[in-house]
Each structure stands twice: as C-alpha cells, then as structure tokens.
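Trainee: here you go, sequence then predicted model.
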Amino acid sequence: MTSPSEEIKLRFATAIEFALSKAYPNSGIDKQQILNSISTPKREFGDISSSIAIRLSKIAKRSPKEVSAAIVAGIPKSGIIKDINEANGYINASFNEVEYSKMVFEAVNSLKERYGSSDIGRGEKVIVEYPSINPNKPCVVSHLRNALIGDSISNILGFCSYEVEREDYIDNLGLQMAETLWGWKNLSDKPDKKFDQWLGEQYVIVNKRLEAGGEEIKGQVHSILRTIENTDTEESKELREIAERCIKAQRETLFRYGIYHDVLIWESDIVRARLLEKALEIGFKKGVFERPSEGKYAGCVVVKLEKIAKFAKELEGSREDSKVIIRSNGAATYIAKDFAFHLWKFGLLDSEFYYREFMGQPNGRALFTTAPDGKPMGFGNVKKAVNVIAVQQSYEQRIIKVLFSLIGREDIADSLVHLSYGMVNLEGITLSTRKGTWMGKDRDYTADVLLEEAVSKALDATERSGKLSDGSKAGSVSEAIGIAAIRFEFLRMSPKKPMVFSWDSALSFEGNSGPYCLYSHTRAGKVLRKGGYVGSSVGSGAYEKVSRGDDFELVKAIGSAGEAVEEAAYEYSPGVIADYIIRLTTTFNRFYESMQVLNSDAKEFRMGLIHAYMITLSNMLALLGIRTVDEM
RNA sequence: GGGCAUGUGGCGCAAUUUGGAUAGCGCAUCUGGCUUCGGACCAGAUGGUUGCGGGUUCAAAUCCCGUCAUGCCCGCCA
C-alpha cells in the first residue's frame, strides 16, 4: 500500500491533471511531470504545492498566474485536499486536517512495526556484501563506517520487500595473511588481549621489520604466500585457524554494535570450489578474454581495455592497454577471483560452495560459513548485488560490471551496485592498518574503544540526569545511547563524503544526534504513561480536535515516512533516513513545547498522535540499527 | 597524461538524480524560556557573491562549457 503522503500527492496530481487536460488539452504534460513539480512549500503557502503552471506558461503563451488560476478553477472541490489557490504561478493547497490525520493514524495503527515499509523490492533476492575486514586486525573506524552502511542499507532494502542476504567476504589468502602467518611463526609475543587487537598489533610489527629492510623476511613471506595458495597445506590450515579465531573476535565487536550476517564466504573456498576455471571458460567462450602468445602479456590471460572502453568511457586513457586476469605464472588476480565470485552471486555458475554453521548470533540467527567439510545450502543466486566497498576500489568494481556487459549480461551489470564510501581519516593523517596509525597515542581508533568511550560518556549523562526509575538499568541504557550516538554520526552523511574522524563529533549527544532522537522518544513515552494511554484506537470524534498548529505539522511529518524509506533505498543512502528522523523529531519537540497534552480537551487525539509518532520514530531508528529506550 | 569523487556561513552536514517562492539543520557565539506532560529541550539573533569564470533559462547550489583546489584511482598487489 502507498504511504499517506504519496497517496495524497497522487490525488493532488490527478486533480491537476484533470483540470489541466480541460484547460489546456494539448499541453503535452504528463502525470510524471506533474508529480515532479509537486513539493512541500513553506508553511504559509499551504501543505502541498505544484509549479507546473510556470512550466506550462511558456507553451500556453500566458502568464504563469493566468495558467495557474485556470487550473485552480478547474479542480473539483472535494475531500481531503481543500483550499486550492493560486499564488505567484504556484498551485497551493491545504489538506483537510481531520481527514488526513485519520488516514495517517489508521496507516500507522494497522501496519505498526511495518509502518513506513514499501513493496518496491517485490520479494527479489539481493545480496549485500560488507564489511570484508581482513582476518588479521581489529575493526577500526573506517571498517566500522563500511559495516554500519552495509547493515543499514540491508535493513532499508529489507523494509522495501527485498529478500536480503547479508554476506561477508573473508580474504584469507594474499600477502597480508602471509605476513601475518610469518609473524605468528617468528615473533615471540603470545596473545595477551582481544585476539583481533593483538593480531593487528603483530601485523604492524611485521611491517616495521619489512620496512626496515627485511629482505630475508620478505623472501620467507613469499614462500609462505605460495604455500597458502594451495589450500591443502599445513600452513593454510594453520592460517585458517588463526583467521577464524580473529573473525570470532571481530564478531564480538560487530555483535555489540548490532551488526549481523547470514554467511561468510572465504576466498580460499572460492579457490577450492574452482569457480575460476568456470569463469574463464565463460570469458573465453564469449570472446572476452585473450591469451597473448607474445609481447608484454605473453602467457597471461587478459582483457583488452579497448573493449572495456566501449562500455565505460572513464576507463579510457589508461597507461596500459590490457587488464591482466591470470598472471603468466598461472595465479589469478583479484579481478579474476571477484568476477568469478560475482558470476556465482548471480547464479551463473553451477559450482557449489559447502557450508556449516560458524557460530550463533545474539539476534537468534545462526551465522554460516563456507567450509570444505560442509554441505550445500541455498545462498547466492540473486537478482541484485550490493557491494559496500571503499571508493579506492571504484576502478576494479567498474571493470567487474563491464565484464558482465561484455559477456552479454547488461542486465546483471545494471543490478550490480558498488556502494562506495569515502575514506575515513584522522585529523592530519591517513588511517592505515598496515602502518599502525590506528593505534592512537592515548586511545586506539578501533570500534571497541569508540564504543567504550561512547558508553562511558552516556553513563555519565544518565547518572547526571538521574531519571532512571531502576538504577540497575544504567548499563544497558548507556549501551543503547552510545550505539545510537555512533551509528547516527556515521550514517547521517552521504556515504560518498570523505570523513575526518573526530572524537568530539562521534560522541556528540546534542542537536543532530542519536541521543537527541532517543531523548525525544522517552519524553513522548512518558506522556503516554502519565496519561494512562492504553489502546491504539482514536475515537472518530477526537480527530476534530486537530488544529492548524504544530500537531498537524507532526501528522504530516509522520505521514511521509514511506517516501523517505523509498528514497533511501533508491539512492542507497541511510543518510536520507537520518535526515527524515531529524525532521520528524524536531517537529515533535516543537509540538511538545507548544501544546499541552494531558491538560487539554484534545487529550485523546494528541495521545494518539504521540503514539503514532513513537511507532514511526522507532521504525525509522531501527533502519539505522538504533533501538529506543524507555528512560535515559 | 587520463579518469572518478569532493568543494555550500568559523566548524560539521542537507538540498544537486527530477532547475522553482526568502539555500535548510546542528556545533560554536549572543539573548530569552523550567511553581505547568523530562532543559540530552524550545524560542529568537548574528553569520552565505553555494571554489572561481562564462553560458542556457521567465527562474541555476542544481543543467552545459571552462578553470582552480583537495583526495583517490589508472599494478602480472589485494
């Protein structure tokens, strides 16, 4: 069903279309153009507005004022839209506040925790990949940005009727892991803290050794690299154990933030499942890949960039003329593996992974993992894939898309979304897990430390306010507030924006912040409790008590939740939800200040309004992964 | 050499996809507001040639051309 704001927008557009077709039969303006012309005007102009007459004025060779007046005159007076008038060429109208309030309340009360949801996904299966942290380090703030975006966009797509599969890609091969294994074998330190933290510190030590001219070490690392590429060696088994231990430590952190997955896919299992051979077969059959017998790329498998350039102008002007898929020594490049993996995601390979349960999750759902000794399950085979990957990898992600176009699957290329997010840096320096800049002077830039800081600040604030009826709840309440602060801060801005991490803004509890939203929710709840609010139905007479003040502004804000959700899904941007939440919350706070509820003859209506507000707010916060609290 | 992203009051962001009325919000600064449902709040004020220069248009932060700055990418690394 359509949301209240979309419903009324549609009715407004239909009314205009009707009047327009009579006054200007040959205008050539269609319904979509009318819908695009509709916006929410400043309060004094009404509740809804269209600028279509201004656009039409040129075609009609009349002034905008004349055109809009003619359209207004032709709109039949009826129902939920009233007071239609002309101003400066705009067509402005007001809602019948009683009727619209009824429409909004009924939508909220019938849908409850589904209020604001949408059916645009039509049950299609989508796989979302995030955050793919290498299994040799802790989750630092840049990984956290990835993880939160991925988690939130999964929530949003799920709320839009997509069937979402949350997948995490584990890169347990490659140079980084070889270096980690070298450290494990050669450094004398033993794990004495959270394992991912410890392993990350070891990795930094190894890199310092290498940088200090460790030619001998470099040789040893490369020989390790060769042995782990073969997935059946002792080394690769040992490394997998280390990696699993690290992943489990990382999960502790992610779970605390409320970030969950359905399946882990290990790079070593991609190799084992021989996806690559089948991907190459497809590539050669479609004439996409070539194997030059001479020249610079002799012995490699390549794709000519001139082919790619046909689909992606931005890849022109490269310094090379080919992209290597398989190296001359037979080893696959990252692009090869990723292409093969994506063929699997879209169900184009008949190869199957084997899975087993990896661990339980606090949300009650098991986390599965690919594993050599597992059994087949139904992961993958999706209609759409969203990859939350840093902007630095745009070039490679673009090539993967183009490879799909080259094998004649433009449809898949269109369904493969690189949700790129900007770098997270520290003031003045880049955040590097290799160089160890994530280890700060007085505190590390890890997700663990950040959460500790946020929770302890929340605990201070909670104790100062002294509002908790039961002091033993301080811990869980502070946890929720801390998570809200961090999640809101990381999600409120567009993913593309580069972000400079600062403790001050990450721990902001005022203004545009998570705690501000939670605070608003607790105040609302308190009013209902004091007022003895029980049911969710509002007597039809009570709607007559709605005024033209901040109460109706709140009704309108609640009514447009669904629009925000669809826009967020369409743009892959949780920030749209954060923006909406701020608008909703601010509107409520104004209502709360300006209108009494319990000592008012409009008590029934206003309590119903607050109830609808709380449902809407908590639904929207849930999309950002923020849960509400009763007191704080 | 080529490509991509970003550029909006002192600071952090929104609005750019689909051009519309006075460019919104927060922080900071200044002024008010709790004997009344929770002050992590609200009201008001100060602060903007939307990087710069052209163009299109009745109308440009938004579209087009040029240009500057910052960051990232263009590897038989991942």
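Mentor: Arrived safely.

Trainee: what sits up against stretch A:450-462?
Mentor: Contacts to stretch A:450-462, defined as CB atoms under 8 Å, 6 or more residues apart in numbering, come from residues A:141, A:144, A:253, A:256-257, A:443, A:468, A:474-475, A:477-479, A:481-483, A:485-486, A:503, A:506-507, A:509, A:515, A:632. Where C-beta positions appear, they are placed from N, C-alpha and C, glycine not excepted.

Trainee: so how far is it off the chain centroid?
Mentor: 25 Å (CA atoms, centre = their mean, to the nearest Å).

Trainee: report the central residue of chain A.
Mentor: A:I153 (2.6 Å; CA atoms, centre = their mean).

Trainee: correct me, but it touches A:I127?
Mentor: No. At 11.9 Å, A:I153 does not count as touching A:I127 under the criterion of CB atoms under 8 Å.

Trainee: what do the two both touch?
Mentor: Going by CB under 8 Å, 6+ apart, residues that sit against A:I153 and also against A:I127 are A:V386.

Trainee: picking up where we left off before, and the residue nearest to the centre of chain A, what does it touch?
Mentor: By CB under 8 Å, 6+ apart, A:I153 lies in contact with A:V128, A:V386, A:V388, A:L419, A:Y572, A:P574.

Trainee: can you flag the buried ones in those?
Mentor: A:V128, A:V386, A:V388, A:L419, A:Y572, A:P574 (16 or more other CB atoms under 10 Å).

Trainee: show me what counts as buried in the top helix by length along chain A.
Mentor: Looking across chain A with DSSP state H, the single longest helix is helix A:234-257. The neighbour-count check on helix A:234-257 (16+ other CB under 10 Å) flags A:235-236, A:239-240, A:242-244, A:246-247, A:249-251, A:253-257 as buried.

Trainee: next one: stretch A:81-100
Mentor: Applying a neighbour-count criterion of 16+ other CB under 10 Å, one finds A:81, A:84, A:86, A:89-100 buried in stretch A:81-100.

Trainee: what's the span of that stretch from first residue to last?
Mentor: From its first residue to its last, stretch A:81-100 covers 9 Å (CA to CA, to the nearest Å).

Trainee: for stretch A:523-538, same thing?
Mentor: 21 Å.

Trainee: what residues does it touch?
Mentor: By CB under 8 Å, 6+ apart, the list of residues contacting stretch A:523-538 from outside reads A:105, A:109, A:588, A:592, A:597-598, A:603-605, A:607-608, A:610-611, A:613-614, A:617, A:630-631.

Trainee: at 10 Å instead, please
Mentor: Residues from elsewhere that reach stretch A:523-538 (CB atoms under 10 Å, 6 or more residues apart in numbering): A:101-102, A:105-106, A:108-110, A:112, A:467, A:545, A:585, A:588-589, A:591-592, A:596-598, A:603-615, A:617-618, A:628-632.

Trainee: give me the subset of those residues lying in helices.
Mentor: Among the contacts of stretch A:523-538, the ones falling in helices (DSSP H) are A:101-102, A:105-106, A:108-110, A:585, A:588-589, A:591-592, A:603-615, A:617-618.

Trainee: ok, and of these, which contact RNA strand B?
Mentor: A:N589, A:Y592 (CB under 7 Å from any atom of the strand).

Trainee: list buried residues within the ones in helices among the contacts of stretch A:523-538.
Mentor: For the ones in helices among the contacts of stretch A:523-538, a burial check counting by 16+ other CB under 10 Å picks out A:101-102, A:105, A:108-109, A:585, A:588-589, A:591-592, A:603-615, A:617-618.

Trainee: show me what the helix or strand of chain A with the lowest mean pLDDT packs onto, helices and strands only.
Mentor: None of the helices or strands of chain A scores lower by mean pLDDT, DSSP states H and E than helix A:305-309, at a mean of 81. Packing contacts for helix A:305-309, counted by 3 or more CB pairs under 10 Å, 6 or more residues apart in numbering; DSSP states H and E, involve strand A:322-326, helix A:394-406.

Trainee: export those to JSON lines and append columns for mean neighbour count, distance to A:S21 and mean pLDDT.
Mentor: Converted to JSON lines, the helices and strands packed on helix A:305-309 look like this (neighbours: other CB atoms under 10 Å; distance: least, CB to CB, whole Å; pLDDT from 0 to 100):
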{"stretch": "strand A:322-326", "mean neighbour count": "21", "distance to A:S21": "54", "mean pLDDT": "92"}
{"stretch": "helix A:394-406", "mean neighbour count": "20", "distance to A:S21": "42", "mean pLDDT": "93"}
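
Trainee: same list, those, but as a markdown table with distance to A:I228 please.
Mentor: Listed next are the helices and strands packed on helix A:305-309 as a markdown table, based on distance: least, CB to CB, whole Å:
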| stretch | distance to A:I228 |
| --- | --- |
| strand A:322-326 | 19 |
| helix A:394-406 | 22 |
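
Trainee: flag the shaky bits of the stretch 451-600 of chain A, pLDDT-wise.
Mentor: Low-confidence segments of the stretch 451-600 of chain A, defined by pLDDT under 70: A:536.

Trainee: and for the stretch 251-400 of chain A?
Mentor: The stretch 251-400 of chain A contains residues with pLDDT under 70 at A:313-319.

Trainee: for the residue lying closest to A:N387 once chain neighbours are set aside, list each beta-bridge partner.
Mentor: Counting by CB to CB, 6 or more residues apart in numbering, A:E129 is the residue found nearest to A:N387 once chain neighbours are left out, at 4.8 Å. In this entry, A:E129 is beta-bridged to A:E167, A:N387, by DSSP bridges.

Trainee: thought A:E129 was touching A:R166?
Mentor: Yes. Counting by CB atoms under 10 Å, A:R166 is a contact partner of A:E129 at 8.4 Å.

Trainee: shared neighbours of these two, anything?
Mentor: Jointly contacting A:E129 and A:R166 under the rule CB under 10 Å, 6+ apart are A:G150, A:H261.

Trainee: kindly export the longest helix of chain A (C-alpha atoms) in PDB.
Mentor: Provided in PDB are the C-alpha atoms of helix A:234-257 (Å, rounded to 0.1, in the frame of the first residue of the first chain):
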ATOM      1  CA  GLU A 234      49.500 -27.500   6.800                       C
ATOM      2  CA  GLU A 235      50.300 -23.700   6.600                       C
ATOM      3  CA  SER A 236      47.000 -22.900   5.000                       C
ATOM      4  CA  LYS A 237      45.100 -25.000   7.700                       C
ATOM      5  CA  GLU A 238      47.000 -23.300  10.500                       C
ATOM      6  CA  LEU A 239      46.300 -19.900   8.900                       C
ATOM      7  CA  ARG A 240      42.600 -20.700   8.600                       C
ATOM      8  CA  GLU A 241      42.500 -21.400  12.300                       C
ATOM      9  CA  ILE A 242      44.200 -18.100  13.100                       C
ATOM     10  CA  ALA A 243      41.800 -16.300  10.800                       C
ATOM     11  CA  GLU A 244      38.700 -18.000  12.300                       C
ATOM     12  CA  ARG A 245      39.900 -17.000  15.800                       C
ATOM     13  CA  CYS A 246      40.300 -13.400  14.600                       C
ATOM     14  CA  ILE A 247      36.900 -13.400  12.900                       C
ATOM     15  CA  LYS A 248      35.300 -14.600  16.100                       C
ATOM     16  CA  ALA A 249      37.000 -11.700  18.000                       C
ATOM     17  CA  GLN A 250      35.800  -9.200  15.300                       C
ATOM     18  CA  ARG A 251      32.300 -10.600  15.600                       C
ATOM     19  CA  GLU A 252      32.200  -9.800  19.400                       C
ATOM     20  CA  THR A 253      32.600  -6.200  18.300                       C
ATOM     21  CA  LEU A 254      30.200  -6.300  15.400                       C
ATOM     22  CA  PHE A 255      27.500  -8.100  17.600                       C
ATOM     23  CA  ARG A 256      27.800  -5.400  20.200                       C
ATOM     24  CA  TYR A 257      27.000  -2.800  17.600                       C
END
